[in-house]
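**Student:** Pasting the sequence and the predicted coordinates here, then a few questions.
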Amino acid sequence: MSNKKFIADLIQGFVGEDKTLMFCYFSGSLAYGTFAENSDIDVTAFIDGLDFYIHTNMGDYDVFLLPKSWVIKRQKVDDDVKEYVKLFIDDIFSIDKNLIYENPKYHDDLEKLRSYDITKSLKKYLDNFYEYYMYYFVDNETPVKKFYHVIRVKGQLEHYLKTGVFNLEMDEKYRKEMLEFKRNTENQIGLQIYASKIGDYLEEIRRIKEGL
C-alpha cells in the first residue's frame, strides 16, 4: 500500500505513453479514515489525454481514472461527470497525507483541486448524494457497506451547521457509528443501524440540502 512509485508506474503503464498521469492519491476509506479489513484500497488518478472515465482493478488497487477536464468539473458537480464520481468530492480534504504522485507540470491543476471551495457546490453535491443513496435504499432491506457514507456525510453536515466549515470533521458519535456499521454489515448490529438510522439520515441530508 505504501509503494507509491510502484502505484504511479502501474497507472502510467496502464494508460500508455500517449497519456500522462498528472497526479494520484489514495481515496475511499483511506481518505475518510475508515480503512478496515474489509476495505478496498482505492486510488483516484487524473490523466491528461484521457477523454472518458475508467474504473479498473490493478492488482491490490481499485483505481479510478479521471480526465484532466474533470479536475474542477468534478468539484462543481458538473452534469458531464459520472454520478458515482461526484459522491466523493470531499476526499480532497485529506489529499495532502494521501498523495501518491504529483507530476510537477500539473502542480497548478493540483492546487486548483486543493483550494476549491466545496461550499460553492454543496447543494448540488448533496442533491447528487441523496438521489444516489436513496435510489439504492428504497428497495434494499439488506445492509450494504457503502451506506456508511450516509452516516459520514450526516456527521460532516452537522459539524458544518455548527461551525460554518465543511470538511471531514464530525462528532465522535458519528465516527464510531459509521465504523461500527461498516464492520458489521453482515450481522445484526449492521442491520439494526441500517434499519433504524440510514433512512432518517438520508431525509435529514435532504432537508439540510433544501435549506442551503
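**Tutor:** Cool, got the structure. Numbers count the residues shown, from 1 in each chain.

**Student:** where in the chain is pLDDT low?
**Tutor:** Across the chain, residues meeting the criterion (pLDDT under 70) sit at 1-2.

**Student:** hmm, try it at 80
**Tutor:** 1-2, 37-38 (pLDDT under 80).

**Student:** Report the contact partners of the most centrally placed residue in it.
**Tutor:** For the chain, the residue whose C-alpha lies nearest the mean C-alpha position (C-alpha atoms, centre = their mean) is Phe88; its distance is 2.6 Å. The neighbourhood of Phe88, defined by C-beta atoms under 8 Å, 6 or more residues apart in numbering, consists of Ser27, Gly28, Ala31, Thr44. Bear in mind the C-beta positions are built from the backbone N, C-alpha and C, glycine included.

**Student:** For the nearest residue to the first one once chain neighbours are set aside, give me its contacts.
**Tutor:** Distance criterion C-beta to C-beta, 6 or more residues apart in numbering; nearest residue to Ser27, sequence neighbours excluded, is Thr44 at 4.2 Å. By C-beta under 8 Å, 6+ apart, the contact set of Thr44 is Cys24, Tyr25, Ser27, Val63, Phe64, Leu66, Phe88, Asp91.

**Student:** Closest to Leu50 out of those?
**Tutor:** Comparing the contacts of Thr44 against Leu50 with C-beta to C-beta places Leu66 closest, at 7.4 Å.

**Student:** can you confirm the closest one is in a strand?
**Tutor:** Yes. With the criterion set as DSSP: H, G, I helix; E, B strand; the rest coil, the secondary structure at Leu66 is a strand.

**Student:** give me the number of residues near it?
**Tutor:** Residue crowding around Leu66 was assessed by other C-beta atoms under 10 Å; the count is 23.

**Student:** Do I have it right that it meets Asp51?
**Tutor:** No. The criterion here is C-beta atoms under 8 Å, and Leu66 misses it with Asp51 at 11.0 Å.

**Student:** Top of the contacts of Thr44 by number of neighbours, please.
**Tutor:** With neighbours defined as other C-beta under 10 Å, the most crowded of these is Cys24; it has 28 neighbours.
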